[in-house]
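Student: Build me a model from this:
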Amino acid sequence: MSHLPALADAQSRAFQGPPGATFYVSSLMSVPFLQDLIADDMCAVDAVIRRRLASDVALVRNVAEYIVGSGGKRLRPALVILSAGALGYQGNQHHELAAVVEF
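Tutor: Purely as a prediction, here's the structure:
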């Protein structure tokens with residue numbers, strides 16, 4: 001999460017939203033930048049999923065590998081990770097919560 005302060009310091013451009021609201025969008029807030037920003041956390045989420053779905057039952061293991069290996073947007077866990085960082089969370093429980101929302 002060390003890159004989050006860079007978002008605040010980045011050059012931004014404003015655009016108008018609803019009446020009276022102005023939004024600032026940083027050029028750094030691209031999907032690849034955000035993916036790189038949370039890559040280590042997403043690996044930790046994958047580890048939680050594998051650990052929580054560890055089983056002697058082959059079908060359960062296959063489901064775990066499908067969830068982890070299928071790729072996809074992984075938007076829900078990414079939003080949990082980004083929200084935790086934006087709020088200054090310092091622990092590791094956000095990995096557990098991100099895994100729960102991915103389930």
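Student: what about the residue most central in space within the chain, distance to residue 38?
Tutor: Centroid check for the chain by CA atoms, centre = their mean gives residue 78 as the closest residue, at 1.9 Å. Counting by CB to CB, to the nearest Å, the separation of residue 78 from residue 38 is 6 Å. (Glycine included, C-beta is placed from N, CA and C.)
Student: Could you list the low-pLDDT ranges of the protein?
Tutor: Applying pLDDT under 70 to the chain picks out residues 1-29, 71.
Student: helices or strands up against the biggest helix by length in it?
Tutor: Criterion DSSP state H: the longest helix present in the chain is helix 39-52. Counting by 3 or more CB pairs under 8 Å, 6 or more residues apart in numbering; DSSP states H and E, the packing neighbours recorded for helix 39-52 are helix 58-69, helix 75-86, helix 93-102.
Student: for those helices, which one sits closest to residue 42?
Tutor: Comparison of those against residue 42 by CB to CB identifies helix 75-86 as nearest, at 6.8 Å.
Student: one step back: residues of the longest helix of the chain that come out buried?
Tutor: Neighbour counts using 16 or more other CB atoms under 10 Å place 41-42, 44-46, 48-49 of helix 39-52 among the buried residues.
Student: Enumerate every residue touching the closest residue to residue 67 other than its chain neighbours.
Tutor: What sits nearest to residue 67 in space, not counting adjacent residues and going by CB to CB, 6 or more residues apart in numbering, is residue 49, at 5.6 Å. Taking CB atoms under 8 Å, 6 or more residues apart in numbering, we find residue 49 in contact with 64, 67-68, 99, 102-103.
Student: Contact partners for residue 35?
Tutor: The contact partners of residue 35, by CB under 8 Å, 6+ apart, come to 42, 78.
Student: and residue 53, what are its phi and psi?
Tutor: The phi/psi pair for residue 53 (degrees, to the nearest 10) reads phi -100, psi 10.
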